[in-house]
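> Just the structure for this:
(one chain, ligands or ions: 1)
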Amino acid sequence: MADSAFIELDHVEKVFDVRRKTGFLRRERREVRAVDSISFTVARGEMVGYIGPNGAGKSTTIKMLTGILTPSGGRLRVAGIDPSRERTRLARRIGVVFGQRTTLWWDLPLIDSYALMHRMYRIPDARYRENLDRCVELLDLAALLDVPVRQLSLGQRMRGDIAAALLHDPEVLYLDEPTIGLDVISKAKVREFLKDLNTERGTTVLLTTHDLQDIEQLCRRVMVIDHGRLMYDGPLAGLHEVGESERTLVVDLERELPPIEAAPARVVRVEGPRQWLAFPASESAAPLVARIASAYPLVDLSVREPDIEAVIAQMYAQQAERVAGRTGEQVGEPGPAVS
Ligand SMILES: Nc1ncnc2c1ncn2[C@@H]1O[C@H](COP(=O)(O)OP(=O)(O)OP(=O)(O)O)[C@@H](O)[C@H]1O
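As a prediction, the model looks like this:
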């Protein structure tokens with residue numbers, strides 16, 4: 001297999017059969033299409049964000065990638081391996097961190113959990129020592145090694161979990177909400193560590209998160225999933241275009257003036273001599289700036305990029321509108337950058 005497709009999904013589906021009690025003896029059977037014909041590839045060494053609202057299908061995808069769940073359809077390969085068929089063989093090559101759950105032994109000191117993993121994964125002694133030392137240093141774990149996991153704070157436990165996922169030198173790391181509930185300092189520490197891991201070791205990382213700062217700071221590429229379908233796959237910057245978001249021009253005038261006229265930009269706020277103008281993010285700011293500069297007495301001017309959170313919220317809203325307005329056609333036509 002070519003390295004360009006270290007992780008490979010080809011029209012992968014996962015349908016759950018859900019039975020619900022609707023009366024004394026009646027049960028209703030319903031299909032939940034958690035992942036709906038998703039295709040993408042991730043190259044070795046890439047760090048990709050996988051985002052979407054609650055129930056979008058992110059965890060289900062990760063569970064299929066680890067072999068915990070078997071796809072209902074399509075083809076899935078990680079490092080050339082079919083995860084659900086060869087889960088144990090794949091386990092030696094992947095690391096998983098589920099932010100909301102721990103893989104550590106609750107009652108044991110952290111170091112004992114690591115010692116157990118050393119044996120479970122049959123990690124060569126020198127390799128284990130080297131990886132442990134590195135994680136202890138970079139994740140600041142030295143003072144925590146003898147503390148039972150149950151006594152660790154969430155941030156400490158998360159750092160402990162990340163170390164546990166890396167002791168066997170995985171080639172790919174799946175992170176499901178790795179910074180959930182962490183304070184600002186712990187988040188920064190975890191992000192810094194992941195960045196180093198990716199650049200120094202070339203570890204492929206697939207990151208699921210609700211914290212868009214994780215994505216902004218770590219991933220150049222992002223995939224957006226909703227209702228089990230891939231809505232966007234491309235650079236983070238490109239999301240602005242798909243989300244049809246707006247940029248803001250903040251104009252400081254020499255004095256208070258009536259609202260600036262510069263279509264397609266429109267004034268959305270005025271405070272004394274300062275005016276805020278919204279314009280489509282897909283338009284170049286230069287001609288607009290030139291027009292305003294030639295017609296108005298300017299002191300200063302700046303362009304504000306749209307907030308990524310607002311862009312994604314808008315994408316979901318558009319998707320919801322499409323779902324509400326659909327007349328039998330497929331839900332959620334993908335955006336222009338979908339592979
Ligand atoms: N074992 C299961 N049985 C039935 N339905 C399931 C099962 N696991 C997930 N689902 C459903 O599949 C859909 C996708 O769930 P999934 O957990 O993958 O979403 P998610 O994007 O990870 O959400 P969140 O951000 O809330 O963790 C949801 O509608 C969920 O209720």
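> measure residue 161 to residue 110 for me?
Between residue 161 and residue 110 the distance is 10 Å, computed by C-beta to C-beta, to the nearest Å. No exception for glycine: its C-beta is placed from N, CA and C like everyone else's.
> Quick check: neighbours shared by the two?
residue 104 (C-beta atoms under 8 Å, 6 or more residues apart in numbering).
> Helices along the chain, start to end?
58-66, 87-91, 110-120, 125-138, 154-166, 184-201, 212-218, 239-242, 285-295, 308-325 (DSSP state H).
> helices or strands up against the first one?
With contacts taken as 3 or more C-beta pairs under 8 Å, 6 or more residues apart in numbering; DSSP states H and E, helix 58-66 sits against strand 7-21, strand 27-42, strand 47-51, strand 73-78, helix 87-91, strand 94-98, strand 172-176, strand 204-208.
> what's the burial count for the closest residue to residue 156 other than its chain neighbours?
What sits nearest to residue 156 in space, not counting adjacent residues and going by C-beta to C-beta, 6 or more residues apart in numbering, is residue 144, at 5.6 Å. By the criterion of other C-beta atoms under 10 Å, residue 144 has 21 neighbours.
> again with residue 172
Residue 172 has 23 neighbours, counted by other C-beta under 10 Å.
> Let me know the pLDDT of it.
With respect to pLDDT, residue 172 scores 94.
> Residue 327 now?
Residue 327 carries a pLDDT value of 49.
> Low-confidence ranges, the stretch 1-150 of the chain, go.
For the stretch 1-150 of the chain, the stretches with pLDDT under 70 are 1-4.
> Flag every residue of it that's near the ligand.
Residues of the stretch 1-150 of the chain that fall close to the ligand, judged by C-beta under 6 Å from any ligand atom: 16, 18, 32, 34, 52, 54-60.
> Widest-spaced pair of those residues?
18 and 52 (19.9 Å; C-beta to C-beta).
> re the thing from before, show me what contacts the residue nearest to residue 156?
Contacts of residue 144 (C-beta under 8 Å, 6+ apart): 110, 152, 156, 159-160.
> Those: which two are farthest apart?
110 and 159, at 9.6 Å, using C-beta to C-beta across the contacts of residue 144.
> thinking again about what came up before, out of residue 18 and residue 52, which sits in the busier spot?
Under the criterion of other C-beta under 10 Å, the comparison of residue 18 against residue 52 puts residue 52 first, with 24 against 10.
> In this structure the more buried one contacts residue 225, no?
Yes. If you go by C-beta atoms under 8 Å, residue 52 and residue 225 touch, sitting 4.0 Å apart.
> shared neighbours of the two, which are they?
By C-beta under 8 Å, 6+ apart, residue 52 and residue 225 have these common neighbours: residue 58.
> thinking again about what came up before, please tabulate the helices of the chain in a markdown table and include mean neighbour count as additional columns.
A markdown table is the format used below for the helices of the chain (neighbours: other C-beta atoms under 10 Å):
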| stretch | mean neighbour count |
| --- | --- |
| helix 58-66 | 23 |
| helix 87-91 | 15 |
| helix 110-120 | 18 |
| helix 125-138 | 15 |
| helix 154-166 | 22 |
| helix 184-201 | 16 |
| helix 212-218 | 19 |
| helix 239-242 | 22 |
| helix 285-295 | 13 |
| helix 308-325 | 15 |
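> what would these look like in JSON lines with distance to residue 271?
What follows is the helices of the chain, written out as JSON lines (distance: least, C-beta to C-beta, whole Å):
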{"stretch": "helix 58-66", "distance to residue 271": "41"}
{"stretch": "helix 87-91", "distance to residue 271": "58"}
{"stretch": "helix 110-120", "distance to residue 271": "53"}
{"stretch": "helix 125-138", "distance to residue 271": "46"}
{"stretch": "helix 154-166", "distance to residue 271": "40"}
{"stretch": "helix 184-201", "distance to residue 271": "30"}
{"stretch": "helix 212-218", "distance to residue 271": "28"}
{"stretch": "helix 239-242", "distance to residue 271": "26"}
{"stretch": "helix 285-295", "distance to residue 271": "17"}
{"stretch": "helix 308-325", "distance to residue 271": "21"}
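> sorry, back to before: closest one to residue 276 among the helices and strands packed on helix 58-66?
Among the helices and strands packed on helix 58-66, strand 47-51 comes nearest to residue 276, with 28.3 Å by C-beta to C-beta.
> Domain ranges for this protein, per the record?
Here the domain assignment for the chain is 3-239, 246-304, based on automatic domain parsing.
> Minimum distance to residue 317: which of those has it?
For those, proximity to residue 317 was assessed by C-beta to C-beta; domain 3-239 is nearest, at 10.7 Å.
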